[in-house]
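Student: Predicted model and sequence below, questions to follow.
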Amino acid sequence: MITLPPPIILLIEMQRRGAAADYSQVIQDGNVTVRHARNRQAVKGELPSIGLILVSDDPQVSDQQRNMDEVVREMVVDVQADIELATEDGGEDETGLAMLMIMIAIFLRSLKDEENASWLGGLCDWISVDSLEPSDRSTADAGRMTRAIRVLYRTRSDDENVLLAAGVNG
């Protein structure tokens with residue numbers, strides 16, 4: 001029987017941690033909808049929101065393998081923030097980018113478990129932060145920004161559906 005594949009386990013944990021984060025630094029009530037994109041864009045009723053978009057999941061070159069029984073994989077996820085922008089003359093966010101960048105930063109911080117210095121509670125080995133891209137779909141009223149992240153995790157070499165992480169399958 002095949003259980004949830006590792007990318008799904010990781011995405012669900014990212015969503016869970018991101019939804020529990022406190023965004024009150026940039027959002028008055030601190031509430032941000034964190035969801036999986038599911039091939040659609042955020043709608044007005046969901047704003048402010050962060051969407052998680054799976055871009056790719058690939059095995060890494062053999063020199064990163066720890067041993068013959070494990071394969072290091074790299075999952076790329078776009079973290080897409082959407083927000084209704086305050087008016088330009090309001091002085092809250094002159095560029096229309098600051099709130100988006102801070103929302104993404106808060107989300108990324110939620111993925112790190114500071115108590116035991118692990119990512120996603122030990123489900124993955126490392127998360128690195130990649131490019132930050134303002135969206136050409138941003139308007140004067142609604143802003144969008146995407147930050148790519150790379151999630152390194154391990155699976156069994158004979159079965160990529162078995163996540164090797166503390167307390168999970170091995």
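Tutor: Yep, that arrived.

Student: switch to C-alpha atoms for all contacts and neighbour counts from now on
Tutor: Noted.

Student: what does the strand or helix carrying Val34 rub up against?
Tutor: Using DSSP states H and E, Val34 maps to strand 33-36. Strand 33-36 has contacts (CA atoms under 8 Å, 6 or more residues apart in numbering) with 11, 15, 18-19, 46-53.

Student: again, only this time at 6 Å
Tutor: 19, 49-52 (CA atoms under 6 Å, 6 or more residues apart in numbering).

Student: right, and Leu54 touches Val77 too?
Tutor: Yes - between Leu54 and Val77 there is a contact at 4.7 Å, judged by CA atoms under 6 Å.

Student: of the two, who's got more company?
Tutor: Val77 (23 against 18; other CA atoms under 10 Å).

Student: State the distance from the more buried one to Leu10.
Tutor: Relative to Leu10, Val77 is positioned 10 Å away (CA to CA, to the nearest Å).

Student: For the residue lying closest to Met14 once chain neighbours are set aside, the count of nearby residues, please.
Tutor: Spatially, and ignoring its direct neighbours in sequence, Met14 is nearest to Leu111 (6.4 Å; CA to CA, 6 or more residues apart in numbering). Residues lying near Leu111 (other CA under 10 Å) number 20.

Student: Test my guess that Leu111 contacts Ser118.
Tutor: No - using CA under 6 Å, Leu111 is not in contact with Ser118, being 8.8 Å away.

Student: Show me the residue sitting in the middle of the chain in space.
Tutor: The centre of the chain sits closest to Val79, judged by CA atoms, centre = their mean, with a distance of 4.8 Å.

Student: quick one: contacts for that residue?
Tutor: Applying CA under 6 Å, 6+ apart, the residues near Val79 are 51-52, 146-147.

Student: at 7 Å what do you get?
Tutor: 50-53, 146-148 (CA atoms under 7 Å, 6 or more residues apart in numbering).

Student: Where do the strands of this structure begin and end?
Tutor: 33-36, 49-59, 70-84, 112-113, 118-119, 126-134, 142-156, 159-164 (DSSP state E).

Student: Would you quantify the distance from Asp82 to Pro7?
Tutor: 23 Å.

Student: my bad, should have said Val43
Tutor: Val43 is 25 Å from Pro7, by CA to CA.

Student: my read: Arg17 touches Leu111, true?
Tutor: Yes - look at Arg17 against Leu111 with CA atoms under 7 Å: they come within range, at 6.3 Å.

Student: With that, I have no additional questions.
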